[in-house]
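1. Predicted model follows, preceded by the sequence.
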Amino acid sequence: MDAFSLADHPHRRFNPLTQEWVLCSPHRAKRPWQGKREAPPPTDRPAHDPKCYLCPGNLRANGERNPQYEGTHVFDNDFATMLADTPEGESAASDLLRAESERGWCRVICFSPRHDLSLAEMPAAGIRRVVDVWCEQFELVGAKSFVNYVQMFENKGDLMGCSNPHPHGQLWANQNLPTEPAKEQAGLLAYIERKSHCLLCDYGELERRRGERLVCANDYFTAVVPFWAVWPFETLIVGRRHVSSLPELVAEERDALADLIRRLTARYDNLFGVSFPYSMGWHQRPTDGQPHAEWHVHCHFYPPLLRSAAVKKFMVGYEMLGMPQRDLTAETAAERLRKLCSVHHKQSRTTAAKFCCCQSAAGKSG
Ligand code: H2U
Ligand code: ZN
């Protein structure tokens, strides 16, 4: 019998952040696919769409008009999932029928006035403005007494249920720590307890040293396909410096973060030659007034596409009832992303984005 190998044999991998396992089946990556193929959405959009409720100068559903904004634009979600003025209260007819009121604040963040762009196609200076807005919004919203956690995220593409292709993200902030960050907080604390170190400081360092799951990096930030990735081309952006929230980043670090987001998202679009759908978002310290030094701010990208623009990963069957499972290994996914050019295929002078024009094989400069 062959010796056990991560590249060939079924195994499970541990996610120390959420303390959950993912089943990996690398021997199965070549199975045939006769299921549903998603048609890629049309790629050509106008720079301004008179019907878009996020474009400058247009009317929103509540009758308000967007300003003629030139950079970013933030407004309160007209269909907010949580509201600031919800009365405190609970309903506990039985231990088995518990409910509590939840106050919150939900906002929409337009990344650019250009309807036809995405983070992947925006210049680094435009993404840098988005980084600044994320910092400002975290501080502004997190300062509210009823806000103990701020979740900022982007849902991109029809496939992810995004209602509008205009480049935008959302912010949902609320009283109670949501499930995913709560699991991560427990994971971060458990690691500190055992090692007296930060899990993500150690993990970033380990991945920079090993290189096999690295996608791209600069002096301040690293993008990797995490060892425990669930989604086929899932990535994690982690900073080298231990900070708990985005506003703590200094100007140089914010520039570096914008640069890395541009390079990572351009690679995503270059992978299958379409605007790559994903959900991405920031995990940062709670805003409950405690220092939360255990938190190391980081960003997850969860993209659903698997083999092409037409074949996505479904989280169904065993995954709904048992645990998440993947066929493509994290190492193979990282290698594929690493080898791609970090110049967006629409902006590249070479016709085939598959051939890198910036010599980025090491992921260091590209
Ligand atoms: P998604 O595309 O990720 O669904 O986000 C768009 C958000 O914009 C969504 O939460 C809000 C929706 O409630 N929205 C407004 O606030 N005003 C509008 O006029 C339309 C949509
Ligand atoms: Zn628009």
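-> Yep, it's here. Ligands and ions are numbered 1, 2, ... in the order given.
2. my read is L188 is in a helix, agree?
-> Yes. Counting by DSSP: H, G, I helix; E, B strand; the rest coil, one finds L188 located in a helix.
3. any idea how far the closest residue in space to it that isn't next to it in sequence is from Y191?
-> In space, L188 comes closest to E294 once its chain neighbours are excluded; the distance is 4.5 Å by C-beta to C-beta, 6 or more residues apart in numbering. Using the backbone N, CA and C atoms, a C-beta is placed for each residue, glycine as well. Relative to Y191, E294 is positioned 9 Å away (C-beta to C-beta, to the nearest Å).
4. shared neighbours of those two, anything?
-> Residues touching both E294 and Y191 (C-beta atoms under 8 Å, 6 or more residues apart in numbering) are C198.
5. Tell me which residues touch the residue nearest to G89 when sequence neighbours are not counted, please.
-> Once flanking residues are discounted, G89 sits nearest to S101: 4.7 Å by C-beta to C-beta, 6+ apart. S101 sits next to T86, P87, E88, G89, E90 when contact means C-beta under 8 Å, 6+ apart.
6. Now the last one, what are its backbone angles?
-> This points to E90. phi -150, psi 160 (degrees, to the nearest 10).
7. Now for the residue nearest to it when sequence neighbours are not counted, how many residues are close by?
-> Of all residues not flanking E90 in the chain, E100 sits nearest, at 4.6 Å (C-beta to C-beta, 6+ apart). E100: 11 surrounding residues under other C-beta atoms under 10 Å.
8. same thing with G289?
-> G289: 9 neighbours (other C-beta under 10 Å).
9. cool, V22 as well?
-> Neighbour number of V22 under other C-beta under 10 Å is 22.
10. thinking it is in contact with F227, fair?
-> No. Judged on C-beta atoms under 8 Å, V22 makes no contact with F227 at a distance of 9.4 Å.
11. what's the overlap in contacts for those two?
-> The contact sets of V22 and F227 overlap at R13 (C-beta under 8 Å, 6+ apart).
12. What residues does this protein have near ligand 1?
-> Y53, R60, A61, N77, D78, F79, V108, N155, C162, S163, N164, Q170 (C-beta under 6 Å from any ligand atom).
13. ranges for the helices of the stretch 251-366 of the chain?
-> Listed in chain order, the helices of the stretch 251-366 of the chain (DSSP state H, counting those that start in this stretch) span 251-272, 318-321, 330-339.
14. Using PDB, list the CA coordinates for the first one.
-> Taking only C-alpha atoms (Å, rounded to 0.1, in the frame of the first residue of the first chain), the coordinates of helix 251-272 have been written out as PDB:
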ATOM      1  CA  ALA A 251      -1.500  54.500   4.800                       C
ATOM      2  CA  GLU A 252       1.200  52.300   3.300                       C
ATOM      3  CA  GLU A 253      -0.600  49.200   4.500                       C
ATOM      4  CA  ARG A 254      -3.900  50.400   3.000                       C
ATOM      5  CA  ASP A 255      -2.100  50.900  -0.300                       C
ATOM      6  CA  ALA A 256      -0.600  47.400  -0.100                       C
ATOM      7  CA  LEU A 257      -4.100  46.000   0.700                       C
ATOM      8  CA  ALA A 258      -5.600  47.700  -2.300                       C
ATOM      9  CA  ASP A 259      -2.800  46.400  -4.500                       C
ATOM     10  CA  LEU A 260      -3.300  42.800  -3.300                       C
ATOM     11  CA  ILE A 261      -7.100  42.900  -3.700                       C
ATOM     12  CA  ARG A 262      -6.600  44.100  -7.300                       C
ATOM     13  CA  ARG A 263      -4.100  41.400  -8.100                       C
ATOM     14  CA  LEU A 264      -6.200  38.700  -6.500                       C
ATOM     15  CA  THR A 265      -9.500  39.700  -8.100                       C
ATOM     16  CA  ALA A 266      -7.900  40.100 -11.500                       C
ATOM     17  CA  ARG A 267      -6.500  36.600 -11.200                       C
ATOM     18  CA  TYR A 268     -10.000  35.400 -10.300                       C
ATOM     19  CA  ASP A 269     -11.400  37.000 -13.500                       C
ATOM     20  CA  ASN A 270      -8.600  35.600 -15.600                       C
ATOM     21  CA  LEU A 271      -9.200  32.100 -14.300                       C
ATOM     22  CA  PHE A 272     -12.200  31.400 -16.500                       C
END
